[in-house]
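Asker: 3D, please:
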Amino acid sequence: MTLTEKLKSKIEQIPKAYQKFDALVDSFYQEHLKTDKWMYHQFLEAWTHLENTGGAYKRKKLLTALKRFIPQDSKSLLKSKADKDGCLTLYRGTGCHPFGRYEMEYAISYTDDIDKARWFAKRFLCLHKTGFVIKRKVHINQIVAYTNDRQEKEMIIIPNKYDVYEKDSYKVIEILEYSPDSKGGEGGVKLLPANIDICESQKYIWDIRAIS
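Answerer: Numbers count the residues shown, from 1 in each chain. This next block holds a predicted model:
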């Protein structure tokens, strides 16, 4: 068994997803392993079991290298979803500032299922009090992977900070407010349709009371 085969075998046996993910990242940046179909598969397997991606947005070099190994069936699926310009409309639910640098330039996990994006926008409403559904148009060449292992229709993208300045490519389309139940119940969610792009974002104080 070669040193490469031994290292791959060792990584495959790592039980915890975040440890496997870190090992893959380290092996790439320390040049112990080159990107190939094996690494792509291991990366995706670890990714689908991560709760916290651990700053994966900082690994654009790795994501760009892995993009070459996207399976043919995923390529075909993405092409069938793309418009004539090769672009897809994706969604993301978040409790973070929707026009903050993290969301615009670094966030890499999106879905083409708006209901799933709404679920993520609601997920931490009791903590953040406000949730946002973001609509983003990306080119098919920005997509690293598609997975539905968690029934999230998730797409991992390489964000392009320049495309967010196109008015139709990055927008907040829904804003959610957490409304506690005065009777001690779980409370409810108020959903406000929106159409806010980067050019208009400075008009808003990102407090739901100011928006409504």
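Asker: all contacts plus neighbour counts: C-alpha atoms, from now on.
Answerer: Fine.
Asker: may I see the buried residues of stretch 75-95?
Answerer: Lys75, Leu78, Ala82, Cys87, Leu88, Thr89, Leu90, Tyr91, Arg92, Gly93, Thr94, Gly95 (16 or more other CA atoms under 10 Å).
Asker: tell me how far that stretch is from the chain's mean position?
Answerer: With CA atoms, centre = their mean, to the nearest Å as the basis, stretch 75-95 stands 13 Å off its chain's centre.
Asker: sorry, back to before: inside helices: which ones of the buried residues of stretch 75-95?
Answerer: Taking DSSP state H, the ones among these that sit in helices are Lys75, Leu78.
Asker: the lengthiest helix in the chain packs against which elements?
Answerer: Across the chain, the longest stretch assigned as helix under DSSP H is helix 17-29. In terms of contacts (3 or more CA pairs under 8 Å, 6 or more residues apart in numbering; DSSP states H and E), helix 17-29 is packed against helix 3-12, helix 37-47.
Asker: how about the ones you listed in a markdown table, adding distance to Ser201?
Answerer: Shown next, in a markdown table, are the helices and strands packed on helix 17-29 (distance: least, CA to CA, whole Å):
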| stretch | distance to Ser201 |
| --- | --- |
| helix 3-12 | 44 |
| helix 37-47 | 32 |
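Asker: of all these, which gets the most neighbours per residue?
Answerer: Ranked by mean neighbour count, the helices and strands packed on helix 17-29 are led by helix 37-47 with a mean of 17 (mean count of other CA atoms under 10 Å).
Asker: could you give the angle of that one to helix 3-12?
Answerer: 20 degrees (axes from the mean of the first three to the mean of the last three CA atoms, to 10 degrees).
Asker: I'd like the next helix or strand past helix 37-47.
Answerer: Remark: after helix 37-47, the chain's next helix or strand is helix 60-66, criterion DSSP states H and E.
Asker: coming back round to it: and the helices and strands packed on helix 17-29 as TSV, adding mean pLDDT and distance to Arg118?
Answerer: Formatted as TSV, the helices and strands packed on helix 17-29 follow (pLDDT from 0 to 100; distance: least, CA to CA, whole Å):
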stretch	mean pLDDT	distance to Arg118
helix 3-12	93	34
helix 37-47	94	21
